[in-house]
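Asks: fold the stuff below for me.
(chains A and B)
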Protein chains: 2
Amino acid sequence: MKIALAQLNYHIANFEGNANKMIDAIRKAEQQQADLVVFSELAVTGYYPHDLLERKEFIEKAEQTVLKIAKECTQVAALVGAPSINQSPRGKKLFNSAYLLKDGQVETVRHKSLLPTYDIFDEYRHFEPNRQFDIVHFNGKKLAITICEDLWDEQPTQNEFGKDKLYTRSPLEELSKLKPDLVINLSASPFSYNQENWRKDILVKKAIKYQLPIVYVNQVGAQTEIVFDGGSFFLKADGSIPVELAYFEEDFQVVDTENPQPKHQNHPDYIAKIHQALILGIRDYFQKMGFTDAILGLSGGIDSALVCALAVEALGKDHVRGILMPSKYSSGHSVDDAVKLAEKLGIRHDTIAIQSMVDDFETQLAPLFNKLPPGVAEENIQARTRGILVMALSNKFGNILLNTTNKSECAVGYGTLYGDMNGGLSVLGDVYKTDVYKLSHYINRNEEIIPHNSIVKPPSAELRPDQKDTDSLPDYDVLDTILFNYIELNMSPEEIIKQGFDSETVLKVTQMVNQNEYKRFQSPPILRVSSKAFGFGRKMPLVARYH
Amino acid sequence: MKIALAQLNYHIANFEGNANKMIDAIRKAEQQQADLVVFSELAVTGYYPHDLLERKEFIEKAEQTVLKIAKECTQVAALVGAPSINQSPRGKKLFNSAYLLKDGQVETVRHKSLLPTYDIFDEYRHFEPNRQFDIVHFNGKKLAITICEDLWDEQPTQNEFGKDKLYTRSPLEELSKLKPDLVINLSASPFSYNQENWRKDILVKKAIKYQLPIVYVNQVGAQTEIVFDGGSFFLKADGSIPVELAYFEEDFQVVDTENPQPKHQNHPDYIAKIHQALILGIRDYFQKMGFTDAILGLSGGIDSALVCALAVEALGKDHVRGILMPSKYSSGHSVDDAVKLAEKLGIRHDTIAIQSMVDDFETQLAPLFNKLPPGVAEENIQARTRGILVMALSNKFGNILLNTTNKSECAVGYGTLYGDMNGGLSVLGDVYKTDVYKLSHYINRNEEIIPHNSIVKPPSAELRPDQKDTDSLPDYDVLDTILFNYIELNMSPEEIIKQGFDSETVLKVTQMVNQNEYKRFQSPPILRVSSKAFGFGRKMPLVARYH
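Replies: Coordinates of the predicted model:
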C-alpha cells in the first residue's frame, strides 16, 4: 500500500487555511498515486483549540470542513484528525477523532481512547474516551487507527513520583487481537528536547512487541507556547525506521509500506534543536497572529542579544528593532556591546536615555517615600520606565515586544513585573541561563554575532552601582541544577540537598521559586522547549503556604 | 445519629493550620457528644492544590497530617477529605478520598468517582476515578460516602451545546442498591451567583429520588480566584432542608439526623451575595498571602471607588491607601470625587500629578514618533505612568495593588496592559459594568459612601479630551448582554443577533473579545463570581484565527 505522510503546519481555528493545505496535499498524493494520505491529530482545527471546543459554531465549522475535504477525496482516501460529536446522551460532548474520507464522503470515524490530561495536555476537559476497539478495512488491508496518546499507555517520565504513570487500558493491546496489518497514528506530539527520543523509544517498542509496522504522522509548527517538531516516520515491525520526515518544517512523503524507499534526517544535538524550536516559535507566533515586526530592549547583556539574534533569524533583519535604554548605572561597554550586536545584525536601533524620567519619578515620589533608603522600588522604576518606552514604540508602530527573561530568572523572580517581564512572547522563559550561554556560542558557531564581551562579562541587571546577579543568586551552574531538579524532576528540597548541594542555598532557591508564582502568573506566553515549562503546563496555586 | 458539620476555611498546603482547625472542631464535636464530624473535600490540603499534587513530599505531608488528625479521633469519629495513593500500578497516582478516622486510626477510605474536569475544575489531571461502590458501616448505620461531583452526574448548565453534560456513571445509583441509611457528601463547591440554587436543586432531587437524607458539608473561604460560600446543610429524604449553615463564614453545627433542630439562613439577593463574595475574596487573598495592606489608584470613577469601598470592608480603613494621579485630561470633579470617597472612607490618600513624567516620555520619544498623530500610544503612556507610581509605592511599603478593571472592560480589552491592568488581584474582573452600578448602589444602601457623582457621570477613561467609554463601546446595558450571551451562554454571534441586537455591534464586540485574549493572558487573578469568569476556567488559544 502507498501511504502519503502529510506533515503540515496548521493554524488554530483557521478552517479555510487548514483545509486548503490539506487539499493541496491530497492533490500531491493523487499525483504520486498514493492509496491513502494521513494527516495529523485535530488537523482541521489545529492542536489545541482549548475551549473553542465548547462553542457550537466552532464544532459545526469543523464538521463542515471535514465534509469539504471529503469531497476532494475521490482519487485518494484520507485520514483526517478532527473533533466529532458524541451521540450518546451521556459523557463528554465530543470525541477526538480520525475520519476516513473516501469516494467523496466520510467512510468511517474512529476515536481516541487515551486522553492526555497532564502537563500541557487538557483533553479530558473536552473529549470522551473511546472504549470500543475495531479495525478499519481498507484496500484489502486491516488498519489499526490510533491517535497520538493511544500508543503511549506506558510512557516514560523523569519524575520518580510520576514514574508509573500508566493507563488502565492499552488500545494497541486490544486492537492487536484483531490481527491488523498496519498501525496508523495521527499525532500532535509537541517538541521538548527529550521528546523525539521518548517518542521513538515508545513506538519502536510497540512495533516490536506487536510485530506491526506503524505509520506515524506528527504536525509541525508552533501554536503560541507549544512547538511541534514534525519528524513523522514509517516504522517497520522489526523496529527499524526506514523513512523519516523533516524536523521543524512541513514535509510530505509517499511511502510504499511493502518496499519503502529510505529517507533519513540529520539529528542535531539538543542545543541545535532548541535553536530551531525557538526560531519556529517566534516565526509562527508572528505569522499566525498577523504581525510582522518585533521590538526589544537591548541591554548589552547576553539574554537580549540572544533573543535579538533569534528574532532576526525568524523574522528578517528589517523586521526587528532594538532600543537601547541606558541609565546612569549602565556601563559604557554595555552600550557598546548593544550597538555592536545591532550593527552586526544590521537592524534598526535607537537610543533613549531613561535618567530624566527616572529622576522625575523619584522627585515626585520623594514626599511619599519618607527618605527611606533606596532599594527594590527604585530599581523597578528603572525597569518599568524602560517598559513604558518600548511599549510606547510598540503601540505606535505595531512592533510586538519580545520578552528576554530566561528560565532561571523567571524561576526565582529575578525580574520586574510590568518592566522587563513585559512582552507579547517570552522567547527564553523555558531556557536556563546555562543554556543561554550554549545557545549564544551556537549562534556564534561560524562568526561572532553576539559580541564576545556580552557572553563573558559577569551577568548584571545594572539597576544599582556594581550590581551582579551573583549578589543575590548562586552561580548559574549551581542554580540551574537545583532548579532543574526541583522543577523538571519534581525533587523535594531534601532530595536535592542529598545530591550534595548546600542546604541553605537549596532552601533559599526553592523558596524563591514558590514565592514568585504570582509574578509568573502574569508572564507572557513562554515558548516551551523542556518537558516542564512555566505556563499552563505547570499550575501552581498562588495562595499556598508551602515550605 | 449525631453528626457535626464542620464548615471551615482552609489554606492550601498549610497542613499545620488546617489540621489545627480540624482538631479544634473535633474537640467541639466531642463536647457536643457527636458520633461523627464531617469535614469538606480535600480539607487537609485545601481545595485546589493543583500541581502540588504531583510532588511526593506534598503527598507525604498530607498523609502524615491525616494520621495526626486520626490520633485525635478517640471520642468521636471523623470523615476527612485528603488525597490518597492509588496502589495499582496503572492509572493516575492518586485518589481524591474521604478518610474515616476512628479510635485513633484510619478505619477506611473511600474515593471520588466523578472527577470534574471543566471550567475551573481540573481533577482528572491528578486523580484516578473510583469504580468500586460500597457502603461504610458506622454505629449500626449504613453510610453512602460521596465526594462533591459524585452527586452531580446530571448537572444543569446554561449552555445549550453543553446542556446534556451527563456522566456515564451515577455513583448514587450504584450506592443506593446497597440500601444505605444516609448519604454523606464532602464538598468543595465554589461560589457563583447561581451555584447555591443549582446545588440545592441537584441534591434535593437526589434525596427525593433515592428517598435518602443527605449530610452536605462545603468549605468556605477564598483560594486566590475561587470563593467557597459554605452553606452546608442537612437534607431530609422528603427534600426539605431543616438545617443550613452560614454563608461566607466558618460555621459548625451538630445535627441529630433523626430529630434535627431547625436552623435556617437568610438568602440575600445576588448583588448582596456578590458583595459578600468579593469581600471574602479580598480578605482571604491578603490573609493567606501574608499581606495586610492594599493600595489602589483613585480616579474619581465608579470602578476604583467600588474597589476601594470593598477593600475597606475587607481589610479595614487603616489598611487601604488611595493614590490620586490626575493628568491634564482629568476633570476637576474627578479629583473632588476621589477625595470625597477617601475622606468618607477615612483612608490615607495622596496625590501625585503625572503630567511632568508624561511630558518627559513624550519629549524623549518625539524623535522616534515621527510626528505621527497622537493616539493609543500616548494614552497608554498616561496609564503606565500611573502604573509605575502606584507600583513604586507598593514596592516601597508592601501594600498590594488592587486592580479595578471590570469584566466588561476586561472582555473588550478596554484597559492598558502594564498600566491600569496591573495588580496583585483583580476585584471586579468578573463583575460586569451594569453590576458595578448595582453593587455601588448596594454599598450606598444606608448612606452615601461612593459619591453620587461617581455613579451618575458618564464613564470615561479620561486619557484624551472629552473622552467617553461610549465613543468606542455600545452602552453598557447592551454591551453586557452581548458579552453575557457570548461568554456565559456560549452563544454564537449569529444567535445573539437573532435575539434582536444590531449585527454590526455584535460582530464588533465579539471580535474585540477574541482579539484581546492576549491582554487577559497577562491579567492578575480575577475573583470569580459568575459561572464563567476570565482566568483558568476559560482557556482560549492566543494564536487562533477565529471570526
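Asks: ok, residue A:241 touching residue A:233?
Replies: Yes. Contact criterion Cβ atoms under 8 Å: residue A:241 and residue A:233 qualify, at 5.0 Å. Every C-beta, even on glycine, is put in place using the N, C-alpha and C of the backbone.
Asks: overlap in contacts, these two.
Replies: With contacts defined as Cβ atoms under 8 Å, 6 or more residues apart in numbering or on different chains, the residues shared by residue A:241 and residue A:233 are residue A:200.
Asks: residues in contact with the residue nearest the centre of chain A?
Replies: By Cα atoms, centre = their mean, chain A has its centre lying nearest to residue A:226, at 2.7 Å. Residues near residue A:226 by Cβ under 8 Å, 6+ apart: A:48, A:120, A:190, A:528.
Asks: neighbour-wise, which of those residues leads?
Replies: With neighbours taken as other Cβ atoms under 10 Å in any protein chain shown, the top of the contacts of residue A:226 is residue A:528, carrying 26 neighbours.
Asks: and the biggest helix by length in chain A, anywhere near chain B?
Replies: Counting residues, the longest helix in chain A under DSSP state H turns out to be helix A:376-397. Yes. Helix A:376-397 is in contact with chain B by Cβ under 8 Å from any Cβ of the partner chain, via A:376-378, A:380-381, A:384-385, A:387-389, A:391-393, A:395-396.
Asks: what does the helix or strand following that helix contact?
Replies: Per DSSP states H and E, the first helix or strand lying C-terminal to helix A:376-397 is strand A:400-403. Residues outside strand A:400-403 that contact it (Cβ under 8 Å, 6+ apart) are A:282, A:286, A:289, A:291, A:293-296, A:307, A:311, A:390-391, A:394, A:420-429, A:523-524.
Asks: so which of those sit within strands?
Replies: When DSSP state E is applied, those are split such that A:294-296, A:425-426 fall in strands.
Asks: which positions in whatever helix or strand residue A:494 lives in come out as buried?
Replies: In this structure, residue A:494 sits in helix A:493-498 according to DSSP H and E. For helix A:493-498, the neighbour count (16 or more other Cβ atoms under 10 Å in any protein chain shown) marks A:493, A:495-497 as buried.
Asks: hmm, who's touching it?
Replies: A:482, A:485-486, A:503, A:506-507, A:510, A:547, B:57.
Asks: may I see the PyMOL selection of the buried members of those residues?
Replies: Selecting only the buried entries of the contacts of helix A:493-498 in PyMOL, with 16+ other Cβ under 10 Å as the criterion:
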select buried, (chain A and resi 482+485+486+506+507+510) or (chain B and resi 57)
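Asks: can you list the contacts of helix A:493-498 in CSV and add distance to residue B:414?
Replies: Listed next are the contacts of helix A:493-498 as CSV, based on distance: Cβ to Cβ, whole Å:
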residue, distance to residue B:414
A:482, 43
A:485, 44
A:486, 40
A:503, 50
A:506, 45
A:507, 44
A:510, 40
A:547, 40
B:57, 44
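Asks: flag the least confident of the contacts of helix A:493-498.
Replies: On pLDDT alone, residue A:547 ranks lowest of these, at 63.
Asks: before we move on, back to that, okay, the residue nearest to the centre of chain A: pLDDT?
Replies: pLDDT at residue A:226 comes out at 97.
Asks: what of residue A:475?
Replies: On pLDDT, residue A:475 comes in at 93.
Asks: now the contacts of helix A:493-498 as CSV including distance to residue A:176 and secondary structure?
Replies: What follows is the contacts of helix A:493-498, written out as CSV (distance: Cβ to Cβ, whole Å; DSSP: H, G, I helix; E, B strand; the rest coil):
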residue, distance to residue A:176, secondary structure
A:482, 44, helix
A:485, 39, helix
A:486, 40, helix
A:503, 51, helix
A:506, 47, helix
A:507, 50, helix
A:510, 45, helix
A:547, 47, coil
B:57, 40, helix
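Asks: and which of the contacts of helix A:493-498 is nearest to residue B:326?
Replies: Of all the contacts of helix A:493-498, residue A:547 has the smallest distance to residue B:326: 43.4 Å, by Cβ to Cβ.
Asks: domain map for chain A?
Replies: Chain A breaks down by automatic domain parsing into domains covering A:2-258, A:273-469.
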